Every structure is written in structure tokens, then in C-alpha cells.
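>>> predicted structure and sequence below. I'll ask about it afterward.
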Amino acid sequence: MEEKIDEKKLRLEIIKALESQIGKENVEDKHGHYEFGCDIIFYIVDPFGEKRKFGIQLKNVNVDGSNTHEILGQLSVSFGHEYSLDKKLLDAVYVITSGTISPGAEESFKKANVGFRNVYLIDYKKLTPFLEDFRKKLYSQKTITKET
């Protein structure tokens with residue numbers, strides 16, 4: 001496994017990648033003292049025209065039995081918080097780590113997920129192709145700009 005990405009660098013890169021896919025106006029950086037369990041909030045419009053709100057909780061540690069209770073507590077806070085003026089709660093939360101997610105942690109999330117809406121777990125194996133695709137697009141855009 002490659003070295004874990006610093007959480008700030010990871011957050012900024014994910015924000016830029018999301019902005020390139022869904023537009024800057026649909027991505028909010030919430031990291032800080034008043035993040036209420038989510039570092040990033042993003043919006044997409046579903047096939048029926050409904051605006052859906054998603055949260056991202058970022059970790060740069062391996063997710064395992066030592067930290068699942070803390071993460072579940074953060075998820076509880078995030079699902080109960082209204083992040084914007086629209087007064088709507090989150091539709092889903094992604095827990096994204098630049099490390100690994102142990103099978104025991106996955107099982108803990110599945111069992112605890114009964115009271116939550118949708119929770120998606122993304123580890124470095126799933127995250128890496130997403131970021132590499134963004135980096136390739138960014139590089140090709142810079143190359144095209146230089147050539148013109």
C-alpha cells in the first residue's frame with residue numbers, strides 16, 4: 001500500500017475532483033470547527049429533478065475496531081444536522097479513508113446502519129482510481145492549454 005495522503009491534501013483534491021464533475025456551485029468545504037461530522041457536502045440532481053445532498057467524512061487512518069465507535073458517533077451527528085439554508089438533512093454519507101477498512105469495521109457499520117440512511121465506505125483501493133482519473137483529466141487539460 002502506498003503512503004496515506006495527508007487529510008487536508010486529500011480533502012482539497014476530492015473537492016477539486018467533485019467540482020470538475022458536478023460544478024463548483026454544488027460542492028462545499030465544511031472542514032473545521034463547525035463541520036458537524038462531514039468535511040465536504042455536495043449536491044446532485046437525481047433523475048426526477050430532486051436535489052440530493054451528500055456528506056463526506058474524510059479519514060487518513062485505517063478504519064478498524066479502534067475507531068468505528070467514534071466514526072459512528074460522527075455519522076449520527078452528520079445525519080441530524082441541516083447543513084444549509086434549505087433545511088434538508090443529508091441523503092447519504094461517504095466515509096472515505098486513504099487507508100484501509102477492516103472487515104470487522106465494515107460489519108460494525110452494517111449493523112449500526114439500521115438507524116441511519118445510506119452510508120458508503122470508500123477505502124484507498126476504491127479512492128485511487130477516482131483520484132487518478134481526475135489527475136489524468138487535469139493533466140490533459142493543462143497539456144491542451146499549453147499547446148494552444
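Great, that's in hand.
>>> burial check on Glu7, number of neighbours?
Using other Cβ atoms under 10 Å, Glu7 has 16 neighbouring residues. In short, each C-beta sits where N, CA and C put it, glycine included.
>>> quick one: it and Asn60 touch, right?
Yes - using Cβ atoms under 8 Å, Glu7 makes contact with Asn60 at a distance of 4.2 Å.
>>> can you get me a residue count around the nearest residue to His31 once chain neighbours are set aside?
Nearest in space to His31, with sequence neighbours left out and distances taken as Cβ to Cβ, 6 or more residues apart in numbering, is Asp39 at 4.4 Å. Counted with other Cβ under 10 Å, residues neighbouring Asp39 total 23.
>>> what sits against Lys9?
Under the criterion of Cβ atoms under 8 Å, 6 or more residues apart in numbering, the contact list for Lys9 is empty.
>>> does it count as helix, strand or coil?
helix (DSSP: H, G, I helix; E, B strand; the rest coil).
>>> quick one: pLDDT of it?
We have a pLDDT of 89 for Lys9.
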